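here is a sequence with its predicted model. Questions after.
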Amino acid sequence: MKALCCFQIKLNLVGPNRLVSFAKRLQSLSIKSHPEILMSCLECKIAMDAILIELRTDKSVNNLANDLINGVCPKLPPAFNASCYDFMGMYGPTVVNMTLYQVTAESLCIGMHSCPNNTAAAAIAKLSYSEREQLSCEACQGVSKFVEAEITDPVINKELVHGLTSLVCNHVPKAAFNVCNNLAQGTIPLMLTRIEQIIGDGKVCKNIHAC
């Protein structure tokens with residue numbers, strides 16, 4: 001029990017640092033033939049738009065709602081179990097859908113500092129349409145490969161979950177922190193798994209017409 005407690009404390013400390021490291025490394029990826037152009041700046045919005053479109057489909061929303069019910073409700077105190085199942089059974093898809101529509105590609109990319117300065121944006125603006133199309137494919141594949149490698153690593157995945165949980169729940173009122181923490185710990189791993197599935201099939205860059 002003591003070892004588990006110490007491991008949890010370590011995750012709580014390391015998680016936010018892992019999130020910062022993830023963002024910085026993603027931000028530093030550049031196009032080989034155009035080192036001044038950051039892959040993340042060129043592709044983040046395209047990639048995030050595609051992922052959000054997929055997550056917002058009825059099938060994904062219903063799957064996330066079911067996973068959320070099975071992942072979160074059993075972890076709540078027994079007195080809240082029945083209410084959780086009733087509420088999520090009736091409103092789960094709506095809650096998931098509303099949550100997903102609060103997230104935008106722009107907010108995700110800004111939060112990850114994908115385009116940290118005007119230099120990268122200006123360099124992209126100078127590209128011809130055909131050059132941008134060609135580089136977009138390379139950037140999409142590079143970003144996808146990086147994200148997949150990060151979230152499929154068990155240690156990094158756990159640290160990212162705790163980092164994202166801290167990012168979300170540190171801004172809620174103290175009275176709601178435990179509820180937020182339980183929801184985030186149940187939801188974020190499911191979303192990372194879904195992102196892994198979307199990227200892992202190798203079709204995401206074709207689906208978003210980057211390649």
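Sure, I can see it. Numbers count the residues shown, from 1 in each chain.

packing partners of whichever strand or helix holds residue 205?
Using DSSP states H and E, residue 205 maps to helix 204-207. If you count contacts as 3 or more Cβ pairs under 8 Å, 6 or more residues apart in numbering; DSSP states H and E, helix 204-207 packs onto helix 39-55, helix 129-151. Where you see a C-beta, it was placed from the backbone N, CA and C, and this is true even at glycine.

ok, which stretches of this structure are helices?
2-28, 39-55, 58-72, 78-102, 105-111, 118-125, 129-151, 154-169, 177-200, 204-207 (DSSP state H).

most packed of the ones you listed?
Using mean count of other Cβ atoms under 10 Å, the stretch among these with the largest mean neighbour count is helix 39-55, at a mean of 22.

quick one: that one to helix 58-72, angle?
Angle, helix 39-55 to helix 58-72, by axes from the mean of the first three to the mean of the last three Cα atoms, to 10 degrees: 90 degrees.

for helix 39-55, list the C-alpha coordinates in CSV.
Extracted in CSV, the C-alpha atoms of helix 39-55 (Å, rounded to 0.1, in the frame of the first residue of the first chain):
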residue,chain,number,x,y,z
MET,A,39,5.4,19.9,-38.6
SER,A,40,3.2,20.7,-35.6
CYS,A,41,2.4,24.2,-36.9
LEU,A,42,1.6,22.8,-40.4
GLU,A,43,-0.3,19.7,-39.3
CYS,A,44,-1.7,20.2,-35.9
LYS,A,45,-5.0,21.8,-36.9
ILE,A,46,-5.5,19.3,-39.7
ALA,A,47,-4.8,16.3,-37.5
MET,A,48,-6.8,17.6,-34.5
ASP,A,49,-9.8,18.4,-36.8
ALA,A,50,-9.7,14.8,-38.2
ILE,A,51,-9.5,13.3,-34.7
LEU,A,52,-12.3,15.4,-33.4
ILE,A,53,-14.5,14.6,-36.4
GLU,A,54,-13.9,10.9,-35.7
LEU,A,55,-14.5,11.2,-32.0
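
cool, thanks, signing off.
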